[in-house]
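# What follows is a predicted structure for the sequence shown.
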Amino acid sequence: MQQDKKTPVLIDGKLIASTIKEEIKKEVADILDRGQRPPHLVAVLVGEDGASLSYVKSKEKQSQEVGFTSSVYRFPENISEEELLQTIDFLNKDEEVDGYIVQMPLPKHIDARKVTDHIDPKKDVDGFHPVNAGRMLLSLPCYLPATPYGIVTLIDRMGIETAGKNCVVLGRSDIVGTPMSVLMSRKGKDCTVTLCHSKTENLERICAQADILIAAIGKPAFVKGSMVKEGAVVIDVGIHRIKDDSEKGYYVTGDVDYESVAPKCSYITPVPGGVGPMTIVSLLTNTLKAYKKEFYK
Ligand code: NAP
């Protein structure tokens, strides 16, 4: 007899993101009703990288949808580091700009760390500046990096219990894995966190002990069902386009092998439609906070 597969609860990032966008839109409408200017988000884009172009386009579109003013500063690939730093100085001083992001990656001749360090932490709505990263570590008010911020928002809005749970984070990048591990271990989330990376030994065994497993390693379908505990919450951060024979020419998958993992989960994020839509919405939330000077006067 064939056993029925269990159905996990899908964490619908697309739906939650659109609810949050409606909330932001309403707040912006109230701001305009009071006769004030709308929040202003700027994206700085260097070069013609396809993925960067499409991310910036999407940020611009979604900013406009909630009623923000949205500007894109475009520069050719060969812009000098000095010119880019001057633009950042200008944005730091412009009182009509509440927040801005510098789309990564930058060309090799530009020191990305130097550029990030040059951003005024008050306008660093990506949360990449060391001041915001340090404040996050100390649980002080700050701009949280968009993807981890989006994930904790998903967990909160789904009402997922985190206190005392074992949380395993796969990947230790500065923008996803490391801040994710910090946020899950802070007071309020109260998880016991294990942060794994490419040198981690016994990875399968560690993953199999996770009540909450967050995969951000950038390897398609890496996490298999055999690595997941029954009833676990699985958050898939990965996003990969895999070529196939379909009309589109590709399909999109995450770092998790959905087929084998989903039947074991209590909750799981789909790819696409899980973590992805939350990233831009978190950037919009940070921009609204910047406008309201919630953290820095
Ligand atoms: P990244 O900078 O490439 O970092 C990958 C991390 O995974 C590194 O810490 C690496 O370890 C670790 N790793 C690699 N192979 C491993 C293995 N076999 N076992 C254990 N750990 C391993 O990636 P990222 O920027 O964090 O992004 C991760 C994924 O999320 C990518 O697919 C990316 O496209 C996606 N992403 C999605 C969003 C979204 O909005 N949905 C946003 C950002 C990123 P080492 O440190 O030891 O090298």
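Alright, I've got the coordinates. All values derive from a computational prediction rather than experimental measurement.
# what about residue 193, which SS state?
Under DSSP: H, G, I helix; E, B strand; the rest coil, the three-state class of residue 193 is strand.
# Tell me how far residue 104 lies from the ligand.
Residue 104 sits 9 Å away from the ligand, going by CB to the nearest ligand atom, to the nearest Å. Where C-beta positions appear, they are placed from N, C-alpha and C, glycine not excepted.
# From what I see, that residue and residue 112 are in contact.
Yes - under the criterion of CB atoms under 8 Å, residue 104 makes contact with residue 112 at 6.2 Å.
# Would you tell me which residues of the stretch 51-200 of the chain are close to the ligand?
147, 170-173, 175-177, 196-200 (CB under 6 Å from any ligand atom).
# residue ranges of the helices in this protein, please?
13-33, 50-65, 81-93, 112-118, 130-137, 146-157, 177-185, 203-207, 258-261, 276-291 (DSSP state H).
# Can I get those in a markdown table including mean neighbour count and mean pLDDT?
Output for those, formatted as a markdown table (neighbours: other CB atoms under 10 Å; pLDDT from 0 to 100):
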| stretch | mean neighbour count | mean pLDDT |
| --- | --- | --- |
| helix 13-33 | 16 | 98 |
| helix 50-65 | 16 | 95 |
| helix 81-93 | 15 | 98 |
| helix 112-118 | 16 | 98 |
| helix 130-137 | 18 | 98 |
| helix 146-157 | 23 | 98 |
| helix 177-185 | 23 | 98 |
| helix 203-207 | 16 | 98 |
| helix 258-261 | 18 | 97 |
| helix 276-291 | 24 | 97 |
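# Figure out which of those is closest to residue 71.
Residue 71 sits nearest to helix 50-65 of all the helices of the chain, at 8.3 Å, using CB to CB.
# burial count for residue 248?
Using other CB atoms under 10 Å, the number of residues around residue 248 comes to 9.
# give me phi/psi at it?
phi -70, psi -30 (degrees, to the nearest 10).
# how about residue 6, what does it touch?
263-264 (CB atoms under 8 Å, 6 or more residues apart in numbering).
# May I see the helices of the chain arranged in CSV, with distance to residue 217 as well?
Formatted as CSV, those follow (distance: least, CB to CB, whole Å):
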stretch, distance to residue 217
helix 13-33, 19
helix 50-65, 18
helix 81-93, 30
helix 112-118, 21
helix 130-137, 21
helix 146-157, 13
helix 177-185, 8
helix 203-207, 10
helix 258-261, 14
helix 276-291, 16
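# do you know which of these lies nearest residue 250?
Comparing the helices of the chain under CB to CB, the one sitting nearest is helix 50-65, at 13.1 Å.
# So which elements touch that closest one?
helix 13-33, strand 40-46, strand 69-75, helix 276-291 (3 or more CB pairs under 8 Å, 6 or more residues apart in numbering; DSSP states H and E).
# what's near enough to touch the residue nearest in space to the middle of the chain?
The centroid of the chain falls nearest to residue 147 when counting by CA atoms, centre = their mean (1.2 Å). Taking CB under 8 Å, 6+ apart, we find residue 147 in contact with 175-176, 180, 216, 237, 275, 278-279, 282.
# out of the helices of the chain, which comes closest to residue 221?
Across the helices of the chain, closest to residue 221 is helix 258-261 (CB to CB), at 7.8 Å.
# Would you quantify the distance from the closest residue to residue 111 other than its chain neighbours to residue 268?
Nearest residue to residue 111, sequence neighbours excluded (CB to CB, 6 or more residues apart in numbering): residue 81, at 6.3 Å. Note on residue 81: its distance to residue 268, by CB to CB, to the nearest Å, is 43 Å.
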